[in-house]
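J.: Could you work out the structure for the sequence below:
(one chain, ligands or ions: 1)
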Amino acid sequence: MSLKSCHYQTLVVASSNPGKVEEFVDFLAPLQFQVLAQPEGMQIEEHGITFAENARLKALEVATRTGYMALADDSGLCVDALGGEPGVYSSRYASNDQQRIEKLLTALEGIRERSAHFSSALCLAMPQNEVLLEVEGICRGVITNVPRGDHGFGYDPIFEVLDKGLTFAEMSSEQKRACGHRGKAFSLLEPKLKQLVMAK
Ligand code: ITT
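T.: From the prediction side, this is the model:
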């Protein structure tokens, strides 16, 4: 279960998405937490209608069930021409990344207005059923006509970041962190996490 061991406060990354977990492990590396993965097979029903509601559900459930502080992310891609879809249903849009990308490109065939944004809601919760912090980050861009780039996960190859000319999949992890939805949300959470480490 342990992703990184040291003597500090323990934090569970409440996600079963390896792409997200990899980003969080990078973000958390300088903060000297003992970072644990969510226990295998733990299923959490995401019945919220907003990213923030789902992030809260996941963080509280994982914190209560593991007995450790938990950090959850609920995120997704909102496409203007599709009325904000897939939105909170981004992971349920199709059964794997390739099919999700194909389905989205098909839905946008012949459509020139391709603006979209990614949202990431983060929630930090304690095992006593307590929410410590909730933040949200957004990244605006457009949906490309064809996938570009090999990095990242999910919809990264078809999301070109506004004014950057690169898809997330064409960026290094540092570039994606600097302009991406999750990196922006995490930068709002980071000061609080630093305080927690210092309070230990
Ligand atoms: P957990 O709930 O276990 O964290 P999940 O993948 O189901 O994993 P979400 O419910 O938050 O997570 O769904 C988010 C989906 O949105 C994710 O599966 C991707 O398809 C997409 N997504 C979110 N952030 C992304 C990113 O940075 N790059 C590409 N796609 C992303």
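J.: Distance of Ile49 relative to the ligand?
T.: 13 Å (Cβ to the nearest ligand atom, to the nearest Å). For the C-beta atoms, the positions are set from N, CA and C on the backbone; glycine is no exception.
J.: longest single strand anywhere in this protein?
T.: As assigned by DSSP state E, the longest strand anywhere in the chain is strand 130-143.
J.: what about that strand, average pLDDT?
T.: Here strand 130-143 scores 97 as its mean pLDDT.
J.: again with stretch 67-86
T.: What stretch 67-86 shows for mean pLDDT is 98.
J.: For it, which residues meet the burial criterion?
T.: Neighbour-count burial for stretch 67-86 flags 68-79, 82, 85-86 (criterion: 16 or more other Cβ atoms under 10 Å).
J.: try stretch 36-47
T.: Within stretch 36-47, the residues that count as buried by 16+ other Cβ under 10 Å are 36-38, 44, 46.
J.: Check which element follows the helix or strand bottoming out on mean pLDDT in the chain along the chain.
T.: Least confident element among the helices and strands of the chain, by mean pLDDT, DSSP states H and E: strand 2-4 (a mean of 47). Per DSSP states H and E, the first helix or strand lying C-terminal to strand 2-4 is strand 10-13.
J.: secondary structure class for Asp74?
T.: strand (DSSP: H, G, I helix; E, B strand; the rest coil).
J.: need the contact list for the residue of the chain found nearest the ligand.
T.: Here the chain gets closest to the ligand at one residue, Gly154, 2.3 Å apart by Cβ to the nearest ligand atom. Gly154 makes contact with 17, 19, 77, 90-91, 97, 100, according to Cβ atoms under 8 Å, 6 or more residues apart in numbering.
J.: Point out the ones among these that are inside strands.
T.: Residues of the contacts of Gly154 located in strands (DSSP E): Leu77.
J.: first vs last residue of stretch 72-86, how far apart are they?
T.: 20 Å (Cα to Cα, to the nearest Å).
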